[in-house]
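Visitor: got a sequence here, can you build the structure:
(one chain, ligands or ions: 1)
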Amino acid sequence: MSLPPLVEPADELTVDEVRRYSRHLIIPDVGMDGQKRLKNAKVLVVGAGGLGSPALLYLAAAGVGTLGIIDFDVVDESNLQRQIIHGQSDVDRPKAVSARDSIRETNPFVEVVLHEERLDSDNVFRIFEPYDLIVDGTDNFATRYLVNDAAVLLGKPYVWGSIYRFDGQASVFWSEHGPCYRCLYPEPPPPGMVPSCAEGGVLGVLCASIGSIQVNEAIKLLAGFGDPLVGRLMIYDALEMSYRSVKVRKDPECPLCGKNPTITELIDYEAFCGTVSEEAQEAAAGSTITPAELKQKMDDGEDFLLVDVREKNEFEIVRIPGSVLIPKGEFLNGEAFAKLPQDKQIVLHCKSGGRSAEALAALKRAGFGDAVHVGGGVLGWVHQVDPSLPTY
Ligand SMILES: Nc1ncnc2c1ncn2[C@@H]1O[C@H](COP(=O)(O)OP(=O)(O)OP(=O)(O)O)[C@@H](O)[C@H]1O
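Guide: Here you go, the predicted model:
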């Protein structure tokens, strides 16, 4: 499928621009016409993190005239392994500002528009409106459904990417010409079932592999050449080193872009995707202790078993003294229960409190009524009790 260019060409390129983009200009498919279209293009990148970093740098280098950056976060040292738009001196600076500075260095001809806020249902239409196309570099389901729904309702193409450990996926969702994200994934996974990169990790260079595919697709759509990834899902396995693409059909029953849409306006995406299941929230209510309270229990010599429900690799990075490791999965499949004493209170913790709440719900269901979990997890322990330990 080939599609007409999204953007009209700019009137002209300056002498400096011709010199800068000469390696594009001599590709027949791009040429003067394509480069002028890129110059006139306005692209918004949501998230200046793992995918957003290479996406922003390559979009800027390619000569996309206006780049919007939306991110609410600041640069953390643990970002630098993959978020190559930021450097050591950017730690603690707002990501959007740090990304803008790098783009200025890469290509001063690009106009950068900063949105230092969290994209949500209240601001998404206002923020998306001026842009021709949206590139999604975020890491959470609530934002992906929000971006998809807003893009469908505004009729804009949505260039999507996703990464985890060694696996990546990318596609272009554009309901006028093919499926939307909801046609592929009608429902978010149950809370806690799909680990994030923060929980499971990600190979840094995978961000470049998938982020650059997103840029490739954005450029093709803006300038109107090649076969866009509309109606196809690209699947990349960095361990096997295989790329394949599978067809994704538009779902006629899609509640958003199907024949009889039931979703005609934005919804509450946090509630739709639920970061922690309702059962876990209920289990945690009244059964949550703070890291400082955990320390007090230890100092008082209370007899309890502290169970870390993270994965082995995380346990090796940092652990709370005296804890034993039983990963969350063993609570969900029931294997953990036989390993636990019946005559002691069980105290669960994870990295920041989400997984331990899920494990706590399973534990309570199995009859361990006085079990509790530690709100804030091992990160809370480091901040409140022992700042000499590393965080990740
Ligand atoms: N709704 C949103 N609005 C604006 N920015 C968002 C939104 N959701 C996520 N982001 C940003 O998208 C980026 C996602 O990047 P990535 O997952 O690589 O980084 P991270 O969240 O910094 O990493 P980690 O979770 O491993 O610490 C982050 O910079 C995050 O702040």
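
Visitor: what about stretch 186-205, start to end distance?
Guide: End-to-end span of stretch 186-205 (CA to CA, to the nearest Å): 29 Å.

Visitor: let me see the mean pLDDT of it.
Guide: Stretch 186-205 carries an average pLDDT of 85.

Visitor: what segments of the stretch 101-250 of the chain are strands?
Guide: 111-115, 133-136, 158-164, 167-173, 232-237, 242-247 (DSSP state E, counting those that start in this stretch).

Visitor: so for Val194, which of those strands sits nearest?
Guide: strand 158-164 (8.2 Å; CB to CB). Where C-beta positions appear, they are placed from N, C-alpha and C, glycine not excepted.

Visitor: tell me the most buried of the strands of the stretch 101-250 of the chain?
Guide: strand 133-136 (a mean of 27; mean count of other CB atoms under 10 Å).

Visitor: now the strands of the stretch 101-250 of the chain as CSV including mean pLDDT?
Guide: Below are these laid out as CSV (pLDDT from 0 to 100):
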stretch, mean pLDDT
strand 111-115, 98
strand 133-136, 98
strand 158-164, 97
strand 167-173, 98
strand 232-237, 98
strand 242-247, 97
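
Visitor: Gly65 versus the most centrally placed residue in the chain, what's the distance?
Guide: For the chain, the residue nearest the mean C-alpha position is Asp139 (0.9 Å; CA atoms, centre = their mean). Separation of Asp139 from Gly65 (CB to CB, to the nearest Å): 27 Å.

Visitor: same check, this time on Ile219
Guide: Ile219 is 13 Å from Gly65, by CB to CB.

Visitor: Gly50: which element?
Guide: Assigned by DSSP states H and E, Gly50 belongs to no helix or strand.

Visitor: correct me, but it touches Gln83?
Guide: Yes. In this structure, Gly50 is within contact of Gln83 by CB atoms under 8 Å, at 5.8 Å.

Visitor: so what sits against both of these two?
Guide: Jointly contacting Gly50 and Gln83 under the rule CB atoms under 8 Å, 6 or more residues apart in numbering are Cys207.

Visitor: which residues touch Leu360?
Guide: Ala280, Ala283, Ala284, Ser287, Leu348, Ala371, Val372, His373.

Visitor: which ones are touching the nearest residue to Arg244 once chain neighbours are set aside?
Guide: Spatially, and ignoring its direct neighbours in sequence, Arg244 is nearest to Ile235 (5.5 Å; CB to CB, 6 or more residues apart in numbering). Going by CB under 8 Å, 6+ apart, Ile235 touches Asp167, Gly168, Gln169, Tyr243, Arg244, Ser245, Val246.
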